[in-house]
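Enquirer: Give me the fold of what follows.
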Amino acid sequence: MASKIAIVGVGEVGGAAAYALILHNVCATLLLVDKRSSHRDGQVKDLRGSTFKEQSGAHVQAATFREAAQADIVVITAAAKRGIGETTLQYLYRSTATLRNIIESIKPFKRDGILLIPRMANIALARATSY
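Expert: So this is what the prediction gives:
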């Protein structure tokens with residue numbers, strides 16, 4: 001069992017991932033990070049209720065990007081939303097900038113930490129940016 005897992009971006013995907021981790025009692029501490037602090041805090045409250053209901057031992061807490069860097073596993077689910085009328089190239093450019101900013105905000109990562117990015121298009125960029 002991982003001691004500490006951080007999820008960066010707690011929208012639909014990040015919230016679902018956090019809930020799945022609680023259901024399966026995967027970690028002792030679950031850190032939630034989002035640039036929208038009120039949204040993050042709402043997710044923390046909801047998920048804390050889930051830990052009680054599901055009898056999970058996970059402690060759910062709000063965290064900063066720097067705190068997330070010290071987690072055993074960091075999952076980046078945050079992404080730019082595609083705008084109306086935005087071309088694919090424009091969207092990819094903004095999405096790349098978003099991921100780059102997130103990784104720069106988190107660095108330096110824990111030496112033996114694991115970085116998970118569930119979006120295929122961002123994996124190569126993350127590899128190039130995180131070193």
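Enquirer: Would you state the strands of the chain in chain order?
Expert: 2-8, 27-33, 59-62, 73-76, 114-116 (DSSP state E).
Enquirer: Could you point out which residue ranges in the protein have low pLDDT?
Expert: For the chain, the stretches flagged by pLDDT under 70 are 1-2, 54, 119-131.
Enquirer: how near is the residue in it sticking out farthest from the centre to residue 19?
Expert: Most distant residue from the mean C-alpha position of the chain: residue 85, 27.7 Å away (CA atoms, centre = their mean). Separation of residue 85 from residue 19 (CB to CB, to the nearest Å): 34 Å. Where C-beta positions appear, they are placed from N, C-alpha and C, glycine not excepted.
Enquirer: Now the longest helix that the chain contains: buried residues?
Expert: The longest helix of the chain (DSSP state H) is helix 88-106. Neighbour-count burial for helix 88-106 flags 92, 94, 95, 98, 99, 100, 102, 103, 106 (criterion: 16 or more other CB atoms under 10 Å).
Enquirer: How about the contacts made by the closest residue to the third one other than its chain neighbours?
Expert: Nearest-residue entry for residue 95: residue 80, 4.6 Å, with adjacent residues in sequence omitted and distances by CB to CB, 6 or more residues apart in numbering. Applying CB atoms under 8 Å, 6 or more residues apart in numbering, one finds that residue 80 lies in contact with 91, 94, 95, 97, 98.
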